[in-house]
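J.: make a model of this:
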Amino acid sequence: MTELVKLEIATMKELNNPYLLGINFVTIENTAIYLSMPFSLGGDVSGLYYKLRAAYRGEKKKDGTVTLPDKDSYFHERQILYWAK
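T.: Numbers count the residues shown, from 1 in each chain. Modelled structure (predicted):
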């Protein structure tokens, strides 16, 4: 494990902010590093990305139908700036 990875893990363990997830514990097996993190009720960033993408571009369903972009479900720039702040 590189020094940068060790530093990143140590930093994440010390996080004490209600808006950031920390680490419960770390397990290292061979070349794999497993991080146990607290459960997030809001979902993950990947889910948020797909929701935004579907709202902005529309989306193709498994049955072949296509939904149009939903102009009312995207996040306003004000909301994104609030989260970033």
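
J.: I'd like the average pLDDT over stretch 78-85.
T.: Here stretch 78-85 scores 68 as its mean pLDDT.

J.: residue 81 is in what secondary structure piece?
T.: Here residue 81 sits within helix 77-84, counting by DSSP states H and E.

J.: domain parsing for this structure?
T.: For the chain, automatic domain parsing gives the domain ranges 3-36, 45-84.

J.: take those domains and write them to JSON lines, including mean neighbour count.
T.: No exception for glycine: its C-beta is placed from N, CA and C like everyone else's. JSON lines is the format used below for the domains of the chain (neighbours: other CB atoms under 10 Å):
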{"stretch": "domain 3-36", "mean neighbour count": "10"}
{"stretch": "domain 45-84", "mean neighbour count": "11"}
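
J.: least reliable of those by average pLDDT, please.
T.: domain 45-84 (a mean of 70).

J.: helices of the protein, start to end?
T.: Using DSSP state H, the helices of the chain run over 3-14, 45-57, 77-84.

J.: in JSON lines: those, plus distance to residue 64.
T.: Putting the helices of the chain into JSON lines (distance: least, CB to CB, whole Å) gives the following:
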{"stretch": "helix 3-14", "distance to residue 64": "43"}
{"stretch": "helix 45-57", "distance to residue 64": "16"}
{"stretch": "helix 77-84", "distance to residue 64": "32"}
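
J.: to residue 30, which of these lies closest?
T.: With respect to residue 30, and counting by CB to CB, the nearest of the helices of the chain is helix 3-14 at 14.6 Å.

J.: quick revisit: for residue 31, which of the helices of the chain is the nearest?
T.: Closest to residue 31 of the helices of the chain, according to CB to CB: helix 3-14, at 11.6 Å.

J.: what helices or strands is the closest one leaning on?
T.: strand 32-36 (3 or more CB pairs under 8 Å, 6 or more residues apart in numbering; DSSP states H and E).
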